[in-house]
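1. Give the three-dimensional model of this entry:
(2 chains)
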Amino acid sequence: MVKRLADMPEAEAQHLRRLECPTYDDTPALDGPPLGARRVAIVSTAGLHRRGDRPFRPGDGSYRIIPADTPAADLVMSHISVNFDRTGFQQDLNVVFPIDRLRELVADRVVGSMASVHYSFMGAFPPAAAQPHAEHLAGLLEADKVDAALLVPV
Amino acid sequence: MGALGHFLERRGIPTTGISLVREHTERVRPPRALWVTFELGRPMGVPDDPPFQRRVVRAALDLLARTDGPLIADYPEHVESPADFSGWACPISLAPADISSIDAEIDRLAVWHDRAAARHGRTTVGVSGLDMAAAGRLVAQALDGALPPAQALKEAVDDLRAYYLEAASAFPDPGSPAARKQWFWDETRLARALLALQPKLAASDDPQHKILANLTLIPAAERHRLG
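-> Presented below is the predicted three-dimensional model:
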């Protein structure tokens, strides 16, 4: 169990302390319908993409698309960081990208519906590099009638 | 990660998310975050445990009902690291006396990788587009002094690392993930090659080689192995 940076091995904690982490002006948390009426998209920052898609590169703030029907066997990870566990992902996609869990919550009518397309960034991006891509993505999500994004880091 | 919460929510998409590093989330202040104490790389906590993962997803999604952000909610469940199996040993000898090259090591692991891929129905190898023998040759060539472009080398190394760790997960007594990572860094020719490659990349004039040397080749926790 990892409680705080101070609980991590010092080399890893030091690395994390150095990451660029700006403070933003507060963004008002928007109101919306109850969960049972929402359409949810997963936005991962695990550097996931389909095998054959362009791998992520250092400084890359763009995203890759993951259609909802993408088989788990087609997804690979090209995150540039070597400082997180990948054996969980190797064993089970859902520990990183919980698409089957979301599908189950929709089947159980806990969640209204699931987006037709999900997305992955590569979390080591400088925030300024990702901003234009994320703003463009907001329009795509809206067009897919998505009214909830589940942000999943790695 | 938290920055995306700001970017999307400002454009009208409500967001909620997982926080793995509380200190980062406290600084970035996204609209909603569920802080979990899981290992980096496992934001849903436990592989192959759908009920556990579903509880995490549900807790994160339930935060959407709140509009009093920026907020960080603490997830109540924790995961203890599995005890390492002391004395765990690779069932096939990969000692240098037996294996004369990375190529031979890759070949020796092939049956175990096949077994792992059959068991999981997938492999996460396949970023570089190279087969493992070709990826191994790229590392060997780099060690001999012909440094390939940093991106090609990085993709080949990531594929190789996935191949080795997936293969090890199919050993008859695979031990914990931590034990298998230790095996990789303690025992394999590939790991020794990566450690030997690091100073060559650091000495290159190419800034991308330097990024590889200083950040993205050797995990922070293993850098003590560098001379």
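2. Would you point out which residue is most central in chain B?
-> The centroid of chain B falls nearest to B:Gly41 when counting by C-alpha atoms, centre = their mean (7.0 Å).
3. do chain A as well
-> Nearest to the geometric centre of chain A sits A:Ser44, at 1.0 Å (C-alpha atoms, centre = their mean).
4. tell me the contacts of the residue nearest to that one when sequence neighbours are not counted?
-> In space, A:Ser44 comes closest to A:Ser120 once its chain neighbours are excluded; the distance is 4.2 Å by C-beta to C-beta, 6 or more residues apart in numbering or on different chains. The way it works is simple: take the backbone N, C-alpha and C, and place the C-beta from them, glycine included. Taking C-beta atoms under 8 Å, 6 or more residues apart in numbering or on different chains, we find A:Ser120 in contact with A:43-49, A:63-64, A:66, A:97.
5. Only the buried residues of stretch B:49-62, if you could.
-> B:49, B:52-57, B:59-61 (16 or more other C-beta atoms under 10 Å in any protein chain shown).
6. Keep these, but drop any that are not near chain A.
-> B:53-54, B:56-57, B:60-61 (C-beta under 8 Å from any C-beta of the partner chain).
7. among the residues you listed, which are in strands?
-> Among those, no member is found in strands (DSSP state E).
8. how about the helices in chain B?
-> B:2-10, B:22-28, B:50-62, B:102-120, B:132-143, B:150-168, B:177-187, B:189-202, B:207-211 (DSSP state H).
9. same for the fifth one, what does it pack against?
-> The helices and strands touching helix B:132-143, judged by 3 or more C-beta pairs under 8 Å, 6 or more residues apart in numbering or on different chains; DSSP states H and E, are helix B:102-120, helix B:150-168, helix B:189-202.
10. Quick check: which of these is nearest to chain A?
-> Distance to chain A, taken as C-beta to the nearest C-beta, is lowest for helix B:150-168 among the helices and strands packed on helix B:132-143, at 5.3 Å.
11. domain assignment for chain B?
-> Following automatic domain parsing, chain B resolves into domains at B:2-74, B:102-225.
12. can you give me how far the first one is from the chain middle?
-> Which is domain B:2-74. Remark: domain B:2-74 is offset 21 Å from the chain centroid, using C-alpha atoms, centre = their mean, to the nearest Å.
13. Just the mean pLDDT for it, thanks.
-> Averaging pLDDT along domain B:2-74 gives 97.
14. now swap in stretch A:110-128 and tell me
-> For stretch A:110-128, the mean pLDDT works out to 94.
15. can I have that stretch written out in CSV, keeping just the CAs?
-> The C-alpha trace of stretch A:110-128 is given here as CSV (Å, rounded to 0.1, in the frame of the first residue of the first chain):
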residue,chain,number,x,y,z
VAL,A,110,-26.0,1.7,-12.9
VAL,A,111,-24.5,3.8,-15.8
GLY,A,112,-26.7,5.0,-18.6
SER,A,113,-24.5,4.1,-21.6
MET,A,114,-20.9,3.9,-22.7
ALA,A,115,-19.2,6.1,-25.3
SER,A,116,-18.6,4.6,-28.8
VAL,A,117,-14.9,5.6,-28.6
HIS,A,118,-12.5,5.9,-25.7
TYR,A,119,-9.2,7.7,-25.6
SER,A,120,-5.7,7.5,-24.3
PHE,A,121,-3.1,10.1,-23.7
MET,A,122,0.5,9.4,-22.5
GLY,A,123,0.6,10.9,-19.0
ALA,A,124,4.2,12.2,-19.1
PHE,A,125,3.0,15.1,-21.3
PRO,A,126,3.8,18.6,-20.5
PRO,A,127,0.3,20.0,-19.7
ALA,A,128,0.7,22.8,-22.3
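16. buried residues in that stretch?
-> A:110-112, A:114-115, A:117-125, A:127.
17. Next, check those against the strands and list the overlap.
-> Residues from these lying in strands, with DSSP E as the criterion: A:114, A:117-120.
18. beta partners of the residue nearest to the centre of chain A?
-> Beta-bridge partners recorded for A:Ser44 (DSSP bridges): A:Ser120, A:Val152.
19. Pretty sure it sits against A:Phe121.
-> Yes: between A:Ser44 and A:Phe121 there is a contact under C-beta atoms under 8 Å: 7.2 Å.
20. Could I get the pLDDT score of residue 77?
-> Unless you meant another one, I'm taking chain A. pLDDT recorded at A:Met77 is 98.
21. actually it's chain B I care about, not the one you picked
-> Looking at B:Glu77, the pLDDT reads 97.
22. Hmm, B:Met44 and it touching each other?
-> No: B:Glu77 lies out of contact with B:Met44 (C-beta under 8 Å); the separation is 11.1 Å.
23. what residues are shared contacts of those two?
-> B:52, B:56.
24. between those two, which one's more packed in?
-> A count of neighbours by other C-beta atoms under 10 Å in any protein chain shown puts B:Met44 above the other of B:Glu77 and B:Met44, at 26 against 14.
25. which one is the more buried one nearest to, not counting chain neighbours?
-> B:Gln53 (4.1 Å).
26. wait, what's in contact with that neighbour?
-> Residues counted as contacts of B:Gln53 (C-beta under 8 Å, 6+ apart) are A:94-95, A:98, A:101, B:44-46.
27. any idea how far B:Pro31 is from chain A?
-> The gap separating B:Pro31 from chain A is 4 Å, by C-beta to the nearest C-beta, to the nearest Å.
28. Quick one: neighbours of that residue, just the number.
-> So B:Pro31, with other C-beta under 10 Å, has 28 neighbours.
29. Please work out the angle formed by the directions of the top helix by length along chain A and helix B:2-10.
-> Using DSSP H, we find that the single longest helix of chain A is helix A:127-143. Counting by axes from the mean of the first three to the mean of the last three C-alpha atoms, to 10 degrees, helix A:127-143 points 40 degrees away from the direction of helix B:2-10.
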